[in-house]
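Student: Have a look; sequence and predicted model below, questions after that.
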Amino acid sequence: MAFLVSGTLRMAAQMADAQDSLGRKGKYNVQGPRVALTLSSPEVSTSTVAVLEGVFQTLGFESCQRREALVQDFLEELTGFREQLNAHGAPLGCVLVALVAPSGQLRQPQKLVRELSDCGALQGCPKVFLLLSSAPGAAPTTGAFLTGLSELCDRCPHWSLLQLLTEVFCRTAEESSGAYCPVLRSSLRGALCLGHVKPWETEPEPSPGAQYDLSKDRAALLLAVIQDRPGAQHDVEALGDLCQTLGFKTTLRTDPTAQAFQEELAQFKGQLDTHRSAMSCALVALMAHGGPQGQLLGADGKEVQPEVLVQELSHCRALQGRPKIFLLQACRGGHRDAGMGSTALPWYWRWLRAPPATPSHADVLQIYADAQGSSSRSSTTGSCDQADLLMVYAAAEGCVAYRDEKGSDFIQTLVKVLRAAPRGDLLELLTELY
């Protein structure tokens, strides 16, 4: 299985205010050929596409294909691209796909992402998707996002792409005066460095300049349904101990109903807004059964949407400009990913928890942004009250989250990783969970 990280963090979030641990982590080997594809609708200016290709070349992509199609034909174009990659034969290092369309027209991006994620030639390889909105006929300016990404990749080749993105997100938000922030979704299983460096080299590079100040108070809220969830108590104890170690003042509520989930979040927000001293960050863990569409099920069996809970805390005045971390330990559907390649196991071995093959939704990084800056912001990108969010899911969309009498894979692994390196950049450390 693979976990999923989604967020709008604009800076490095280090729980113990120290240097990052990138040098000790595994990195993707991207020494093979890098292939990039720009797929744009006819309304997108050729100048915008040309700017994108320049960014790809800066990132070291030797092959940059360009295709133009109506948005409704994007899926067919990606199918052809996938078949082309499968026929390539030689191992690939990395694939980057830019999907550019007018704001609001790219309505089912996950369907497009899954089409390429299932490519056999890309098994275990990082797949990066830039999902860009563009105003029809907009001027060929790149905006802070593409400009910053190109500049930093060229200047800091040893930085991982996640490090680069948090720095670029910060610049983009500053340029738009906080009105707009890009969004990323990641299931990467290691550090991805696109600079021309060898994957085993660990030459020191300056850390990202934008880092959250975590020297003030920290608060955590743990909401866990224990009944009818064997092993959930072990998750609560492990996560509670970790929060205490990291200096969080922790509030625990067990077996909340669906309504209580919302009431506890509202009360938590109110307490933070009236807190006498400044806050550094907040962590909220939501642990429960999940519905087929990603809903959380309270102890009463009724549903609550996680997005409602996230939105509640996003409006907290005390956390403006501060990181807000959500951990969601719940199923998001009933699919059990069989994995990719010849090592995929029969269904009965997966039920017995044997190590699976590489999940089909792993090794994917999606970035939602505006091609020209903030002027054409779409619903897929983040607004000012959605910035500084980090959502970590125990399962990809539509998939189950594994748990047994010893606890869940997600929470138990998360605790082990953070205990081993509490001074690391949180976003980078999360890639170790996979």
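Tutor: Good, I have the coordinates.

Student: Could you check how far residue 71 is from residue 84?
Tutor: Separation of residue 71 from residue 84 (C-beta to C-beta, to the nearest Å): 21 Å. C-beta here means a position set from N, CA and C on the backbone, and glycine is covered the same way.

Student: ok, which stretches of the stretch 51-200 of the chain are helices?
Tutor: Counting by DSSP state H, counting those that start in this stretch, the stretch 51-200 of the chain forms helices over residues 74-86, 109-117, 143-155, 161-175, given from the N-terminal end onward.

Student: In the last one, which residues are buried?
Tutor: Within helix 161-175, the residues that count as buried by 16 or more other C-beta atoms under 10 Å are 161-173, 175.

Student: Extract the C-alpha set from that helix and format it as CSV.
Tutor: Output in CSV follows, covering the C-alpha atoms of helix 161-175 (Å, rounded to 0.1, in the frame of the first residue of the first chain):
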residue,chain,number,x,y,z
LEU,A,161,11.7,18.6,-5.5
LEU,A,162,9.6,18.8,-2.3
GLN,A,163,12.0,21.2,-0.8
LEU,A,164,12.0,23.3,-3.9
LEU,A,165,8.2,23.3,-4.0
THR,A,166,7.8,24.6,-0.5
GLU,A,167,10.2,27.4,-1.3
VAL,A,168,8.4,28.2,-4.5
PHE,A,169,5.0,28.1,-2.8
CYS,A,170,6.2,30.7,-0.3
ARG,A,171,7.3,33.0,-3.1
THR,A,172,4.1,32.5,-5.0
ALA,A,173,2.0,33.3,-2.0
GLU,A,174,4.0,36.4,-1.2
GLU,A,175,3.7,37.7,-4.8
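
Student: Remind me what it packs against, helices and strands.
Tutor: If contacts are counted by 3 or more C-beta pairs under 8 Å, 6 or more residues apart in numbering; DSSP states H and E, helix 161-175 sits against helix 143-155, strand 183-186, strand 364-370, helix 426-429.

Student: Now the longest one: buried residues?
Tutor: Burial within helix 143-155, assessed by neighbour count using 16+ other C-beta under 10 Å, is assigned to 143, 144, 145, 146, 147, 148, 149, 150, 151, 152, 153.

Student: Which pair of these spans the longest distance?
Tutor: The two members of the buried residues of helix 143-155 with the most space between them (C-beta to C-beta) are 143 and 153, at 16.0 Å.

Student: got the contact list for the strand or helix carrying residue 223?
Tutor: According to DSSP states H and E, residue 223 maps onto strand 217-224. Contacts of strand 217-224 with the rest of the structure, by C-beta atoms under 8 Å, 6 or more residues apart in numbering, involve 232, 235-236, 239-240, 243, 246-256, 261, 264-265, 268, 271-272, 275, 277-288.

Student: Give me the angle between whichever helix or strand comes after that strand and strand 217-224.
Tutor: Going down the chain from strand 217-224, the next helix or strand is helix 232-245, by DSSP H and E. Here helix 232-245 points in a direction 180 degrees away from that of strand 217-224 (axes from the mean of the first three to the mean of the last three C-alpha atoms, to 10 degrees).

Student: helices or strands up against helix 232-245?
Tutor: Helix 232-245 makes packing contacts with strand 217-224, strand 248-254, strand 279-287, strand 407-408, helix 409-420 when contacts are defined by 3+ C-beta pairs under 8 Å, 6+ apart.

Student: Swap in 10 Å and give it another go.
Tutor: Helices and strands in packing contact with helix 232-245 are listed as strand 217-224, strand 248-254, strand 279-287, strand 324-329, strand 403-404, strand 407-408, helix 409-420; criterion 3 or more C-beta pairs under 10 Å, 6 or more residues apart in numbering; DSSP states H and E.

Student: Quick check: buried residues in it?
Tutor: 232, 234, 235, 236, 238, 239, 240, 242, 243.

Student: try stretch 303-318
Tutor: Neighbour-count burial for stretch 303-318, with 16+ other C-beta under 10 Å as criterion, is recorded at 304, 305, 306, 309, 310, 312, 313, 314, 316, 318.

Student: farthest residue from the center of this protein?
Tutor: Most distant from the centre of the chain: residue 276, at 32.6 Å, with distances by C-alpha atoms, centre = their mean.

Student: pLDDT value on that one, please?
Tutor: Confidence at residue 276, expressed as pLDDT, is 89.

Student: Walking through the stretch 251-400 of the chain, point out its helices one by one.
Tutor: Here the stretch 251-400 of the chain has its helices, by DSSP H, counting those that start in this stretch, at 258-273, 306-314, 347-351.

Student: residues of the longest one that come out buried?
Tutor: Along helix 258-273, the positions that meet the burial threshold by neighbour count (16+ other C-beta under 10 Å) are 258, 260, 261, 262, 264, 265, 268, 269, 272.

Student: from those, which two are the most distant?
Tutor: 258 and 272 (22.5 Å).

Student: Skipping adjacent residues, who's closest to residue 316 in space?
Tutor: residue 269 (4.7 Å; C-beta to C-beta, 6 or more residues apart in numbering).

Student: that older thread, and the residue farthest from the centre of the chain, backbone torsions?
Tutor: As for residue 276, its main-chain torsions (degrees, to the nearest 10) stand at phi -70, psi -40.

Student: any idea how far residue 403 lies from residue 429?
Tutor: In this structure, residue 403 and residue 429 are separated by 22 Å, where distance is defined by C-beta to C-beta.

Student: All good on my end, thank you.
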